[in-house]
Structures are given as C-alpha cells and as structure tokens.
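Undergrad: Starting from these lines, generate the structure:
(4 chains)
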Number of protein chains: 4
Amino acid sequence: MAASGPIDDPTTDYFDPASDKIREECGVFGIFGLENAASLTALGMHALQHRGQEACGIASFDGEKFHTERHLGLVGDNFTGDDPSERLPGYMAIGHVRYSTAGQTILRNVQPLFSMLHTGGFAIAHNGHLTNAYTIREQLVEAGALFQSTSDTEVLIHLIARAKGGEFIDRFINAIRQVDGGYAFVALTDKTLIGARDRLGIRPLLIGRLGDSYILASETCAFDMVGAEFIREVDPGEVVAINADGIRSFRAFPEIAPRPCVFEFVYFARPDSIVGGKSVYNVRKRMGQRLAEETPADVDVIIPVPDSGVPAAIGFAQETGIPFELGIIRNHYVGRTFIQPTQQIRDMGVRLKHSANRAMIEGKRVLLVDDSIVRGTTSTKIVRMIKAAGATEVHFRSASPPIKFPDHYGIDMPNKEKLIAANYSLEAMTEMLEVDSLGFLSIEGLYWAMGEEYRREDAPQYTDHCFTGHYPTPLIDRDREMADGSKQLSFLVEVA
Amino acid sequence: MAASGPIDDPTTDYFDPASDKIREECGVFGIFGLENAASLTALGMHALQHRGQEACGIASFDGEKFHTERHLGLVGDNFTGDDPSERLPGYMAIGHVRYSTAGQTILRNVQPLFSMLHTGGFAIAHNGHLTNAYTIREQLVEAGALFQSTSDTEVLIHLIARAKGGEFIDRFINAIRQVDGGYAFVALTDKTLIGARDRLGIRPLLIGRLGDSYILASETCAFDMVGAEFIREVDPGEVVAINADGIRSFRAFPEIAPRPCVFEFVYFARPDSIVGGKSVYNVRKRMGQRLAEETPADVDVIIPVPDSGVPAAIGFAQETGIPFELGIIRNHYVGRTFIQPTQQIRDMGVRLKHSANRAMIEGKRVLLVDDSIVRGTTSTKIVRMIKAAGATEVHFRSASPPIKFPDHYGIDMPNKEKLIAANYSLEAMTEMLEVDSLGFLSIEGLYWAMGEEYRREDAPQYTDHCFTGHYPTPLIDRDREMADGSKQLSFLVEVA
Amino acid sequence: MAASGPIDDPTTDYFDPASDKIREECGVFGIFGLENAASLTALGMHALQHRGQEACGIASFDGEKFHTERHLGLVGDNFTGDDPSERLPGYMAIGHVRYSTAGQTILRNVQPLFSMLHTGGFAIAHNGHLTNAYTIREQLVEAGALFQSTSDTEVLIHLIARAKGGEFIDRFINAIRQVDGGYAFVALTDKTLIGARDRLGIRPLLIGRLGDSYILASETCAFDMVGAEFIREVDPGEVVAINADGIRSFRAFPEIAPRPCVFEFVYFARPDSIVGGKSVYNVRKRMGQRLAEETPADVDVIIPVPDSGVPAAIGFAQETGIPFELGIIRNHYVGRTFIQPTQQIRDMGVRLKHSANRAMIEGKRVLLVDDSIVRGTTSTKIVRMIKAAGATEVHFRSASPPIKFPDHYGIDMPNKEKLIAANYSLEAMTEMLEVDSLGFLSIEGLYWAMGEEYRREDAPQYTDHCFTGHYPTPLIDRDREMADGSKQLSFLVEVA
Amino acid sequence: MAASGPIDDPTTDYFDPASDKIREECGVFGIFGLENAASLTALGMHALQHRGQEACGIASFDGEKFHTERHLGLVGDNFTGDDPSERLPGYMAIGHVRYSTAGQTILRNVQPLFSMLHTGGFAIAHNGHLTNAYTIREQLVEAGALFQSTSDTEVLIHLIARAKGGEFIDRFINAIRQVDGGYAFVALTDKTLIGARDRLGIRPLLIGRLGDSYILASETCAFDMVGAEFIREVDPGEVVAINADGIRSFRAFPEIAPRPCVFEFVYFARPDSIVGGKSVYNVRKRMGQRLAEETPADVDVIIPVPDSGVPAAIGFAQETGIPFELGIIRNHYVGRTFIQPTQQIRDMGVRLKHSANRAMIEGKRVLLVDDSIVRGTTSTKIVRMIKAAGATEVHFRSASPPIKFPDHYGIDMPNKEKLIAANYSLEAMTEMLEVDSLGFLSIEGLYWAMGEEYRREDAPQYTDHCFTGHYPTPLIDRDREMADGSKQLSFLVEVA
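TA: Okay, here's the model as predicted:
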C-alpha cells in the first residue's frame, strides 16, 4: 500500500525536518470485554498517534450491532466532546491510526474496514503491507469480486468471504495463509476479537490485560495510556482469538526464526515503549554511545535534531562528557497546513518548525545527532541554520547505518534514487551536507545496541533490508511490477 | 429500497402538507457525446429535482478516468460555483436525484454507484425497486460477495460482475433478466451509455437528442431544461446502448403489454412534462374537470391545495365557472430544517409552509382540491386553517381515487394501516376531515382523464395497484417477508 | 443603506426572473410579555421572510441579560433544531430579516444591532432608510464617535447615546427627531419594547396582540403565523413603548397627512397580508381587472409570470373570461447558489427557475401578466421562452405603471439608467421586449385599484415617486452626493 | 482583560500539565515598508505563537484600503493555503496572537481592532493590561461612547478618537498618557506604523530591520523567523512612529528606572529569544545551576517536566554531574479538544499529554525540575505518575521562587486562594505534592540568575510582584473592585 507522501514534494520539505523521515504506516488497537470499549480504544489510539496522523477509525460491537466511525485527522480532533462510546457503544472494539500524507486522501481507505459476510459482520484494521495483494486482487476481480477500496486489506476480507471452513477462525487462518508480507491485523466479529501477526514478526503486535479484559496493541505505550498490563507479544505467525472464555492461540504457519523490523527501534516506536523486551529509549541511547566510539568528534557541544535524535544525543554526550544542549528549538504550534510562502519568503530561509538557539551555538564547534539520514535535503538545511547561528564547525552523526534500499512491508519511504546513501559515498555526502565531518553507525554497532553480539549473516535476527538489502520474504507484486496501486485503479477518481 | 420517511413522524407533519404525500424515489439522467457532459447532467438533474431532494450524484468518464461526486441535498446546493465539468470532466455522464427523508441518510447509498469490474469501470443509477433483490442478495453473500451499500442497485452490479458473456452488454442483459420489479437504469462503461427499463414500463425512461448527442432522462422537462429534443420513450423491456456509432436496441424480455405507473400523472411528474405522449398538466386538468362532474359542489370559490392541486382546481373551476382563487399562500422560504417548536407553540396551530388568504375565504363556501389523500392528517389541518379563516362551508375533493394499497416499485408511502382510505368509509372520512362534503375521482374517471375509454380489468393499461390492489408483478421479497432492508443490515450502524 | 444587488450583474440575471425585481430591504418583528419570546419571533420572521432573505437576527432579554444571534441566510436554516428560546431566553425579543444580495455581505451589518449605553443595554432593528444618515455620521465621527458598522441604523444609536433626557423614551424621541427618511424601528431596552414609524408612514409597522402580550410586525401575515390578533397600525410619526403596564403612545412629530408606500401593494407585501386595511391580494386582482379594461388584448390564454403576477392575472382573466392557465412552471428547488454555467450552456437558453408548459402555449395567443417591469431584461427572456414553446402571439402587461425614478427609502433598485421605462417610449419597449403588444396600468388605475377616486396631485395619498418622481421628503445625503456608503467606508475591507 | 482560563476547571486540568501554568496574554508584530507585509507578519506571529494560541489576526494597509482578518485558533491553521498577502495586500501590517482559554471566546475581542476615525483608518494590537481601563470606560460611556468589544484596548481607541492634537501621533501620545498599566502596542494608520511601550517596560517590544524595512515584535525569535536583524528594544515609555522616512522617537513620559517583567525569563519567552540582552535559555540554565546549589538532592537521575523545565534541568544536571534523562515523554499529537472521559476512564489515571519513560525511572531516585509551581495540582499528578513508574524516591524543584501574588499586567493566573505557595508552608506543600523533598529558587537566586548582584529592595530591577507582592504601578480598577470585565458587561451574551 505504498503511497507518495510529502517527502518528494520540493515545495513543502523545506520547513519540516520531519518531512525527511521515513514513516510507519499505522498503529492498531483492540479490546474485548470492557464496557465503553470505544473510549478505551480512542485513548489507546491516541498513545499510538505517532504511528500515523493522517486518519483514524474505530469499530465496535454492542451485542447487537456494529458501529463504525472513521475520520481524516488526529484522534484528539475527532473522538472528542462526548464520550466516543456513546456513539460507538459496546464491550469490544478495534481502532486504527494511519500515517500522514500530503494531498488528497480517500476516506474509503480509512480503517477499520467493515463488511457483512455470510458469517455475520466483520471489521478489520491493519498495520503493514501484503506483498502479493495486487496479484490476488486481479484474480478476485476476474472471479466477479467488487472492491470498494484500494486497500490491500480488502483483499484479505474477500479471501475470508470466499474461504471454506467450519468455524470463522478457520476461514480467517485459511485466508491469511494466502497472503504474504509484513502485517499485524486486529479484527472483530460479533463474538471474537482476533489478532494476527506475520510469520516473521516483521510488524509488532502485543497482548495486554486490563482487569478481566484483553487488549491488543502495536506498542506498550498504548497499555500504559489506559493503565493496562503488558502480558506478551503475539508470536510471529500466531493468530489469537479472544472472547469471553479467554485467549485461544493458533499457529497459522510452520515456525521459523522471527525477524522483527529494526526500524521500530531506530525511529518508529515511542521512546517509552518496550519492544521485544527492550526499552526503545535505552537502545537509542546505546546507539548514540556506540556512535561516539565509532565516530568521535572534537566539539564543544552535542545538539540533537529534535525530537528523534534526542536519546542518541544524550547517549553520545554521556559517553563523551561533552555538554548536551537544546541548540534547536521546536515550535509546537505548527498548524495542520501552513502558508504557501511566496518565493520571496522562501528565499529568506524561513524555518517554521525549528529555530536555532543562537546562544548555545555561536562561536562553538557543534555536533548534530539525528536518528537517520534519508534524502539528506533536510539535514543540509539544518546544517545551514546552525552555521548561520554562528557555529565555527558543524559535524553530523546518524545513529543508524546508511539507508540504501526501499521497504515493502508498510514503511513509506522515497525511491532508491532519492536515498542519499544509496547513491553517494561518505565523502560526497559530507560535501553535500556541507559539514566538517559525517558519521553513521555501523551495522555491527546497530546490532550491538540491540544487545546482540553480532548479526547472523545467514539468518539475521532483524529485518534490516533498508540497510543491507536482505529482504526477508519474496516480493511477488514488485516482481510483477504492479506495486503501484494508483496505476491499477486510475480509472476512478473520487471527487470528495 | 423502502425507507421510512417523515410521513410517520407526528412531530413534523403538522407544518408541511407535502409531508403527507407519497414520494417517487428517484430521477435519472444520462448523456453521451458532449463536452462538459457533467454540467448538462447537473442541469438535467435540476429539472428532475422534484423527483428527489434527499441526495444527488454524478459520474462521468473522460476517455481515461471515471469521476464521481455524490452529495446529500439539492443539485443547486451541491453542483455550484465552478462548472461541475471541471471537477467531473468528460463527454459522457450519468446523474441521479433521490427523494427526501427525515433522519439519517447513509451517503454510501447515494448514487451513481461505481465499481471496477473485470471488464473495466462501471457506474449505474436507478429509479425504481427490485422486488427480488434481498433474495438474490442472500445467495450472493453466501457465495462470498461483499456488499458496500444497502441498495438493491448493488445487487445488479454483483450479478453483472459474475455474469458470463462476450460483450459487456450481454452480461448486462444477462443480469437484468435475473431481477424483477419496476426500474429505469442509466449506466456508464468506458465506451457506452446504457439505459434499461423494466418489461412493463412501470418506471419511465426517455430518449432525447441535443445536436449529435443522445440523452436519457426520466421526464421530458429535463430535455426542455437543456434545450434537447424528445425522440421517443425507451420501450418497456428494452435495453439501449449508446456510443459514438449511435443507439443499439436490445430486447431483454419477450414483449408483453406495457403498464406504466399512473401515479406519474397523478402526482410525480412535473406538470410541464409529456408522459406517454400526454401533457401531465392537461391530464390533471381533466381529472379536475371530471371530478366536477362526478362530485359537484355548491360553493363560492375553488381553492387548490398548493402546489399539486392547482391544475385539477383550474379544471374544476373552468368546468363549473366558479371562481378559482389562491386561498392558500405558500411560503417559499422554508429552510431545510426548522425550529422544533415547543408544545406551547405547536398548540398555537402554527403553519410554517402555508397560510390562509383570509380575504378570499371569509364568509364564503370553499371547495378545496388536492391531487390525492394519503393519511388525511394534513388535509384535516388545512381544513381547520380554512375554517379558522372564516369559511362558512368547507368541501374537499381528491383528484384521484382512494389510495388503499401500498407500493413495491419505488414509491415511498405509509403502511396500509396509515392509509386513511384503506381503513375508513367515505362517511367516516368526511367526519375525520371535518368537511361538509368529501369526494374522490372514480377509477373510471381516472382512466377517462388518461384518455382511455375504460379500464381493461383483465389487463389494465396502467399500474394502478395503489387504488385497485392489482400488482403487476410477483413480489418475491415481500412474500418471504424480507422486504425490510434495514432489518437485514441492522448489524451495521455507520456513525457519520 | 443602498446596496448593489444581483440586478446589475449580467452573469446571473438570465436564470432568475426574480432578479429583475426591486427589493424591500427588511422586515421587523417584536414581542413583549411572553415566555419563549425568541421562538415566537423566529416564527414571525419566517412569515416575513419574503421581505428579506439575506440575513436574519434576534435579540432577547431575559430579565438579566441580553442575548443576540445573527446569521446570514434564511430564518428556517438558522433558527433550527432546538428551540431558539433555549439559546435566546426571555420574555421580550425583536427580530429582523434582510434582503438578499449577491456577493459578500458583512455580518457586522446584520441586525438587530446591540449596544451597551449608559442607560443599559439597547437592541434595535430597522426597515427603511435614513436620508440624512451620512451627513450626521460625518458630524459624529468628527466628534470622536467610533462606528462599528456601515449601517444607517447605527447613526441613530449614537444619537440616542448622546441624547439628553430624563426617561429613556425621551432620549429615543429626541434622537429620531434628528433623522429623516422612511423607517420602521423596533427596539428593546431592559424594560421596554419600542416601535417607531416615520412621520409619513412610508414604511409599515403594525400592532398585534397574543393573549396579554403585544406584538409589533411589518405585516399582518406575521400575526397570522403566530395566531395573534391584529389591533391597529402604528400611526405615522408615532412612537409606542410597550411594557408590563401596556402601551404608551408618543407623537414625535406634528401630525401631517400620511403617505404610505404604494409598492407594498404592488410587490412587497404578501398577498395574504392586510395593509392599510386592504387585502393585498384583492388590490392586486383589482389592478389586473383595471388593466384588462385599460389595455385589453385578444388572446387565447392568460399566463401569469410566477409568482408575483398571479393575482393580477386572475383578476384580468375573471374580468375578461379568457382562461387563466399555469403556462410557466416554477422550479421550487433552486439552491442557494447554482452552477456558474459555461458560455456553451448559457447559449442553450437554460432556464433554471422556470420553464414553459408547452401544452398550454403551443399554437396559442398568449397574454403574460407581471406585477411590474424594472429593467425589462428578464421580461424579454420570458417572452422568448414563451415563443420558443410555440405561442403564435405574445402580449405583455404590467399591473403597475412604468417605473421611472429610483427610491431612497429602503427599496433596492437599479440606477435610473437601467430602468427601462425611464429611458424608452412604449413603442421602443414593445420592440425591446419583442412582444406583439405591451401595456402598463395607469397612475389613475393604480389609485382606483387602491380604492381611491383619484390621486390628489398636491398631496398624494401614497408614496409613489418611483412612478411619478414626487419624493415625499428632502434627500439630504443624495443632494450632498454622499449616498454611496461603500465609497465613504472604502478604507475597510473586512476579509471574512 | 482578565479572563478565566481552564486553570480552574477540575474536569480538564488532569490531563494537561500546561494547564497549570500562568499564561502571557499576547504577542504583537508589525512591519513597515515591505511588499507582502501580511505574509511576513503571519510568519512573525507564528514565531510568537507560544505567547497565545487562542486567536490571531492581521491588519494591513495597501495605500488605499485597510484589510483585516481575525480568527480563533492558531496562525498556522488560519493563515494558510494561498499567501495571506493576497487577501491582505499592502506594504505595512500588524499582527496579534492571543492566549488560549477554554470555553467560549468572543471573536469581537480578537485583535487587531480597527476603527475609522476622523483622521482616517486606525488598527491596533495590544499585549498587556491597562489597570484603569474600566474606570475610563465608565466615563466614556457616560459621555455617549459606544463600545463594540469588552477589550481594554478599545478604551484607548476612544481616547484617541476624542483626543485633541495637530498630528495624529500627538493625539496618540495624548491618549496613552491617560492609561496606566503594562503594555506594548503596535498600531497602523494609513501612513505610519506605531509602537508604544509602558513607562516601566513591563511588557516587551523590540525593533528589528529587514533590508530597508522596520519591524516591531514582542521577542527576537520573531526576527529570527523572518531573517530580520535585531536593532534595539523600544525604550520604556517610548513611542516610535515608523514611515518611509524612518523612525521617529517620542517620549510620552518623564524617564524613570525601567522594570521589565521577570516572568518573561521564568516562563513566557521562547528559550532562543534574547530578552533585555540576555539569552533566555542561559538564564534558565543558571536558575537550574543555582537551584542545585541552594537545594541539592541525592538522586540518580534528573528529569525535566517538559518542556518548560528542560533548560533548568540541564543546568542542574551539569552543575551536579547527575545524569539528565527524558523520563517524561510528551505526546505531540494532542488535538484541540479531546474526549471528555467518563469517570471510569478518569479513574484510570489516564495521561493524554505525557507518559513516564519507565526504563529511566524504575528503581531510581528521581529529581523532577519544573520552571515554577502555580496551583500544585498538576505537580502532584506528575509525581504520582513517576512513582507509579517505579521511582524509589521523588524530589521536586521549582526553578523560580514561590508564586504568592496575582498579576494585573496581562498575565492570566488563578486567584490568590488557588496559588499553593500563597497558602501553604514548604512543609505542607511537600506533603501535598507527595514528594520526598521540595525546593524553590530564592529571590536572591533569581536575581543572580538574571546577572544581578542583588535585588534593589527600594527600586527592584524587575517587575516581580508575583513573588514579592511589590506592584510597580497603582491598580485603580482593582481598588475600585471593578476589575472583572465580565461582571460589568454581563448584559450582553452574544450567542455565536
């Protein structure tokens, strides 16, 4: 479900460092067995908001009817006012947040998706990407299936609708066995809350408990938000079915070595989340610590690129004893959209989201620490801002290795031609970023920060293809050169 | 596609005589072969607005892409500002208007519906009702079909998607052979504008021409609006396929005697439309003329219940020589919704939409003429208003026979228990309406006004079951007691 | 308070016959002594909606606080949902409706205006125009007054704020003695409902009673709407102060012969209203009757230009025995704004608001009756529509005399250069309208229809300067060439 | 211009630490002599957004007309899309941002205010509060002045409108000599950009230059945003008039020792701003440094209360060598409004804006550093959150002295009864906050951090009455017990 975000838009990137980040597509949340389930779901989605700011939705079931509500925008702007569970009553619910893109978003793609199947109502929300969705979709349309969205998730619903099986969960498992990729699903029938995770555990899904109720969520911070207790991860390849009798576990696939996505640690997950048993904040500090060892710098001050560079910068500063200072101030009040400035104004080098704290920079040798470098365009702008504030030297460090390969499992990132590290040498990049020195964490350093002794080259412990090119699954749609959904569905242009 | 309208709502009916009317479900319009087809379509839909004020939509095709736009509300409130064909480019388009109901309307049911079939994009709009839709729907869902609306129209799309056939038009005909009821469809593929009418011609569909372009519409007034010329009706049971080569005609069913709905003449069609070769205005005047013969009254003034009673009242007045006067003034500025008055205010007998023109009423014997009487509740209120304005006598005439039976072909009307003439004698009704005399046109009079010598009892020339109980087709869903769509789909409650 | 309406806009007039009408500026309503006064006021304003569709507002007082609410648009679109008196509590209230203009309207000019004076809160609503407002305004601004609107009404408030006097009503009278023109004011203090009418009674204001409460309104139809009884007119030059003790009456000016505006009968007032003791509907029928005598025509059918031409057409038909038919059908569902059609579509002669009822026209000699002719542009379009529908002859009659002079008392009309009768002979107009004959009611006929034997040339019984050029008051602002408010205030452009 | 904010609302404070902060009322910006002045103004206002998030407005002059646009909400949400200077053309403009309150805000109070004076158009924006505004207002209303807002700023406009004087600037100075309090004004006539600062310099106002243009702004960060150069502060008591000929300076008052508000350093100003020649970030670090000396703590980790506590926490950590960690994670995606949670959910201790980073807290002795303590309610909630995350000890430090007295110069803060330090001893507060130790910076420490050797008790260098009770000016309105504007103006309740 690749989509072109604002990353490629040269007219907007200049004011927003965050626009030069890769993006997680989604966060999911589900709960069974608590009155006002939708209100809890809204809170959990709020905690997962960093995983997607484009759109949000909730589906609930109240024993008789399903209720759904889907919106563009933030959870806190849409599930407001009266208690959401008044509009979405019920003791079971699922929710979804989706990443932010520029330009038009089609509401019909916002999740959860709901369908009335022969077996009853069914709602589903998805984090990830199915790598053979378009291939299957073609086959289904040929067989007379009507699609109502351009989402790969709908492919799974059609597979379920046509699946054979006694119990509903058997149909569900039957269906997910036909899809490939990285995914975490939460789903709702009129009896059961279902969770499913791809066989390699590329995308995260966790189980929590609140009183007698069970919760599914993408990150532990969602449990913290609602006061729930973290129980365990959904295992790679596991399907869980939760109802009044508790949790039933199914293995949809033969067991193989898991391989979760390392980018959850590098950038996506909230620093206060625990992923794979590790504090994300701590892992990031260790990245900064190791970075200090691998690529030291003789500077006066360590300045993080806010906010994602902060933990690594603290790690770097604590390792070296060089002072950590907030040399870049973030403006928290950036609106949803902002003035499209004239060229006159853009030429002034306006910086809407950040500004330099000149008193901490002037006359100093500065080291900037960021979590990663994607296209490098924003890094250059930040470097120039620091220089304009009077730094005598500017050094740059990325707390992750060079990003050289695109993703196909639900991460939104630019084409390979736009990934600076895929196209230029360290020397060339140093010049392009206009810095006195540039350094990246090594792959070994990344695995060290993760607590591993080394990367198992034949069977890597993590999904790390963005750095290494080792894709963990076949890429059927891509190999058929069909991955661009918008091309396939270009016949329809829905005007709002 | 039955829906409960405001007719049964005792809190709103008091201010709106029109609320006690039966309602046509829809109007359709289509055009092939003219630049800016969507703008013409908007104008045509505007002319058909009296057939549905709830919602409106347009689909167009520009040689490359389909475009759709659907709204709640009036054509003139939604297809405004810039030329609609800027948002909906193309040389072929279809449009749809839908009747007004109180309460929540689900946008997903607004037409045209669009689907991406194996054969390419397909848009369709429908006026009428399929009497076996729910039965087929059940079968389709069991076979794994996913429905995205509660509309009977979507059933047809699924049938087309699964139909066998070489050319698309064959699949289409294959599909409509499986459905029953009264319908007029306009549809769009990327090559062809399609029109189809049920085998009895219950619902109307006409062909017009504008330069080299062909137009399909529910009424001739839509042709007048855009300056097109009326060519002919689509024959009952005919399917027409219009493309750059002209019109191809197909017979989907063996020919039988047509039986168009008489209610188009009584109430639905605009007075300036020509239906079945007859001026609607003239037919209505003849109803009034005959009414004067059948049920004369010794009065001082003839007053129409605006606006639908006007032509019959003129006919009545011209036949008798009694003066015709506007004794009831209509307020044109009633907003979409209006104050929910307190009991205090309602008790004042407030009349938001109409008021009595006392100078024409006081001290006079008044004859009120309306096109029909449905529940009778509003008639009573009007009678009271006329009496309060000082009439010495009030007589009431309905320019159509007593309505005694519900419809199943796309007309929205109250349950049989609410139809006053289905439950009470003329005497009882006279008392309930609080009038000095009450009269209805006879069935014979109705057929006379239509220009027929008599009603052929064994094979009536018109669909007239509302008056006679003679339904022209089998009623499969009703007989299976499944006609209530909302019951079937009650699992889903979409919150806006 | 002259404003340029859509009348002069050649891009919009073609679809709306009503756009070629002159317009009353406003309607006013006030009530003292009834719980939920604001709800009654909303109903009364609804009945007066024909006097202004641009904007509406209500002010109420609940014994402690004033409440105001002002909107662009219709009463029925804005005072909806919950009972207005929940938001605007109190037992006294005033309301205002304002005419519809194209283009931007400044909400700050919408009435009632509210001010906190030294004597307490004060709300006021105005129908009419003060002919020396700009002259006084200049003096006030020079003295340090700050204006918050461009309304002439605010001038009066400043005069009150600076007036001397013991009781508030003395200050009020002191102030209105300084202004000139045609006006009807309703106003509210925390104790009293005030009504005032200009010394000639140019603009109307009436007193009604509902139980123990008193009501002020521009027309009797507002009394009918709320079930109130019409008591008497506010006399020309009278100020009434209504509180719990009843009505007190003050004479602000020496008594002179009244001279109400004849246009209330010709066009503005609702046909069911009683103005100056006369049924408006009856006066209009008499105009048609006299028109038939003065300018007979040998035709087959009388067709009114809807809706304002209907009563005169009925009068003409009854006088002559020629059949009256609805030959022009009005589309009631024209939205607030409508598509801006391309030249292609405009060239088709599209008619969004009306269409010809061909069956009543084809092959016939037609007489069209309208209430008046302003610019003549729309009349021409209607004539062409009737001809295109097959009329063999078209004759046109205006039920009022030729309009030759602009107004300065609250009627919105085009410049003299645009008034067709001010610039062309009957012959020339006959040609311009493309009709077989053209006729206007004579001044004598107009006075006859009003029930007068003749017009008293030295002291005309009615304000009739639009036909005669006899302005009833001095025109101070005009004579100083300052009448254009927008010029004076051009420094401020409020962006919405 | 006191207003009741969300601070006293027990239903909202629990989720937002920022809700327990005092608030600056406004930020102002003005520019003369640059094309597209409004766009630059929008950018400058964006940089000042931290000074007010409730509303924003711009006024411009284009040589012919004034243009104004005012909105509720953020600059970035309102001055978006097309370039603001297309709607607000001109080479001179002023802008205003206003603080955020809960509940209804009256748009008419949003600035800049515009008036058409005898001398021409005049727009003005204000940061601060006039302490004798209500007293003067009473006198003006008695003299017949009409007020259109409840703003103290309008009082000044009336004074200008009534002032005598040759040149406009003389009238302006004449008027500000009549008002008292703390203020920074920017104003616009059709020729001149005016800036004025109160005689003690309580509120800040600065002059910058961009090419040949001059800029006025509340903080230097606004100059940084648009690439302008900081020239100097407007002196206390100075009025500057900027036009094409440059800056003219006027002294409105005899010179006295300045006394700027110390709270700009403690909380209001952005850390990257330079106020009174000092880096705000550096002053705050020095507060933390001195705090470490005055109230040391034996802990494992220093955690700032984000975001305002960060610089002081860094200062504290650098002084002591104890690690600084982000132990509280802020959720950046809190919407404008949020769910009103049920009691059930509130009882869960939900934290919508912040969450504890458990990995940095569990098993540790934690020191929390905040910039100040107002009511203490939020501090308690944060302490509980840290304890719930497993801290073995929690210590709390305020980087400013105890707040004991209310403000009257434009700072929004709770009543004295709600200020915890005004009512409780250090011991009692330690218990109330449920901490192991509590410490405040001393007044001496505060002045040391400001770079002063000591506080001059007879003539303090800063306005510091919140800590000391030494108000720098008389408080005329307060002494007349009239300060509550809403009481005075309670007659009017404007319903949106």
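
Undergrad: What strand or helix carries A:Lys285?
TA: Here A:Lys285 sits within helix A:280-294, counting by DSSP states H and E.

Undergrad: Keeping just the C-alphas, turn that helix into PDB.
TA: Presented in PDB, the C-alpha positions along helix A:280-294 are these (Å, rounded to 0.1, in the frame of the first residue of the first chain):
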ATOM      1  CA  VAL A 280      13.500   1.800  23.000                       C
ATOM      2  CA  TYR A 281      14.900   4.800  24.800                       C
ATOM      3  CA  ASN A 282      17.800   2.700  26.100                       C
ATOM      4  CA  VAL A 283      18.500   1.100  22.700                       C
ATOM      5  CA  ARG A 284      18.700   4.600  21.200                       C
ATOM      6  CA  LYS A 285      21.000   5.800  23.900                       C
ATOM      7  CA  ARG A 286      23.200   2.800  23.200                       C
ATOM      8  CA  MET A 287      23.200   3.700  19.500                       C
ATOM      9  CA  GLY A 288      24.500   7.200  20.500                       C
ATOM     10  CA  GLN A 289      27.000   5.700  22.900                       C
ATOM     11  CA  ARG A 290      28.400   3.300  20.200                       C
ATOM     12  CA  LEU A 291      28.300   6.100  17.700                       C
ATOM     13  CA  ALA A 292      30.600   8.200  20.000                       C
ATOM     14  CA  GLU A 293      33.000   5.300  20.000                       C
ATOM     15  CA  GLU A 294      32.900   4.600  16.300                       C
END
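
Undergrad: tell me which strands and helices the helix or strand that that helix is followed by is in contact with?
TA: Past helix A:280-294, further along toward the C-terminus, the next helix or strand under DSSP H and E is strand A:301-304. Secondary-structure packing of strand A:301-304 (3 or more C-beta pairs under 8 Å, 6 or more residues apart in numbering or on different chains; DSSP states H and E): helix A:310-320, strand A:365-370. Every residue, glycine included, has its C-beta placed from N, CA and C.

Undergrad: Minimum distance to A:His50: which of the ones you listed has it?
TA: helix A:310-320 (13.9 Å; C-beta to C-beta).

Undergrad: is any part of the closest one close to chain D?
TA: Yes: Helix A:310-320 comes into contact with chain D (C-beta under 8 Å from any C-beta of the partner chain), by way of A:310-311, A:314, A:318.

Undergrad: by how many degrees do that helix and helix A:280-294 diverge?
TA: If you take axes from the mean of the first three to the mean of the last three C-alpha atoms, to 10 degrees, helix A:310-320 sits at 50 degrees to helix A:280-294.

Undergrad: Which is the succeeding secondary structure element to helix A:310-320?
TA: With DSSP H and E, the next secondary element past helix A:310-320 is strand A:328-330.

Undergrad: That next one vs chain D: in contact?
TA: Yes: applying C-beta under 8 Å from any C-beta, one finds that strand A:328-330 is in contact with chain D at A:Ile329.

Undergrad: Please parse chain A into its domains.
TA: Listed domain ranges for chain A are A:21-259, A:274-468 (source: automatic domain parsing).

Undergrad: any idea which of these is most buried?
TA: Stretch with highest mean neighbour count among those: domain A:21-259 (a mean of 22; mean count of other C-beta atoms under 10 Å in any protein chain shown).

Undergrad: From the chain's centre, how far out is that domain? Work that out for me.
TA: Between the centre of domain A:21-259 and the centre of its chain there are 15 Å (C-alpha atoms, centre = their mean, to the nearest Å).

Undergrad: related to what we said a few turns ago, can you lay out the helices and strands packed on strand A:301-304 as a markdown table showing distance to chain B?
TA: Below are the helices and strands packed on strand A:301-304 laid out as a markdown table (distance: least, C-beta to the nearest C-beta, whole Å):
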| stretch | distance to chain B |
| --- | --- |
| helix A:310-320 | 39 |
| strand A:365-370 | 41 |
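
Undergrad: Nearest to D:Leu438, out of those?
TA: D:Leu438 lies closest to helix A:310-320 among the helices and strands packed on strand A:301-304, at 26.3 Å (C-beta to C-beta).

Undergrad: counting contacts, what elements does the closest one pack onto?
TA: Using 3+ C-beta pairs under 8 Å, 6+ apart as the contact test, the elements touching helix A:310-320 are helix A:280-294, strand A:301-304, strand A:365-370.

Undergrad: 10 Å instead?
TA: The contact analysis (3 or more C-beta pairs under 10 Å, 6 or more residues apart in numbering or on different chains; DSSP states H and E) places helix A:310-320 against helix A:280-294, strand A:301-304, strand A:365-370, strand A:393-398.

Undergrad: Run the chain-centre distance for it.
TA: With C-alpha atoms, centre = their mean, you get 24 Å for helix A:310-320.

Undergrad: one step back: would you mind saying which of the helices and strands packed on strand A:301-304 lies nearest B:Thr41?
TA: strand A:365-370 (53.4 Å).

Undergrad: any idea how far the closest one is from the chain center?
TA: Centre to centre, stretch against its chain (C-alpha atoms, centre = their mean), the figure for strand A:365-370 is 26 Å.

Undergrad: Tell me the strands beside it, with direction?
TA: In the sheet, strand A:365-370 lines up against strand A:301-304 (parallel), strand A:393-398 (parallel) (DSSP bridges).

Undergrad: Okay, now the unreliable bits of chain A?
TA: Within chain A, the stretches with pLDDT under 70 are A:1-24, A:80-82, A:100-108, A:334-351, A:481-496.

Undergrad: Need the residue in it that's farthest from the chain's center.
TA: Within chain A, the residue lying farthest from the chain centre (C-alpha atoms, centre = their mean) is A:Gly363, at 38.4 Å.

Undergrad: A:Glu142 is in contact with B:Met116, isn't it?
TA: No: A:Glu142 lies out of contact with B:Met116 (C-beta atoms under 10 Å); the separation is 11.8 Å.

Undergrad: joint contacts of those two?
TA: B:Ala161 (C-beta atoms under 10 Å, 6 or more residues apart in numbering or on different chains).

Undergrad: So what's the residue count around the residue lying closest to A:Thr463 once chain neighbours are set aside?
TA: Closest residue in space to A:Thr463, ignoring its immediate chain neighbours: A:Cys261 at 4.4 Å, by C-beta to C-beta, 6 or more residues apart in numbering or on different chains. Number of residues near A:Cys261 (other C-beta atoms under 10 Å in any protein chain shown) recorded here: 28.

Undergrad: Now for A:Cys261: which residues touch it?
TA: Counting by C-beta under 10 Å, 6+ apart, A:Cys261 has contacts A:24, A:128, A:182, A:200-204, A:268-269, A:275, A:407, A:409-411, A:462-466, A:472.

Undergrad: And A:Thr41, which helix or strand is it part of?
TA: Per DSSP H and E: helix A:37-47 holds A:Thr41.

Undergrad: Next secondary structure after that helix?
TA: Immediately after helix A:37-47, counting by DSSP H and E, sits strand A:55-61.

Undergrad: what are the pairing partners of that following strand, and which direction each?
TA: Using DSSP bridges, the strands paired with strand A:55-61 are strand A:66-72 (antiparallel), strand A:92-98 (antiparallel).
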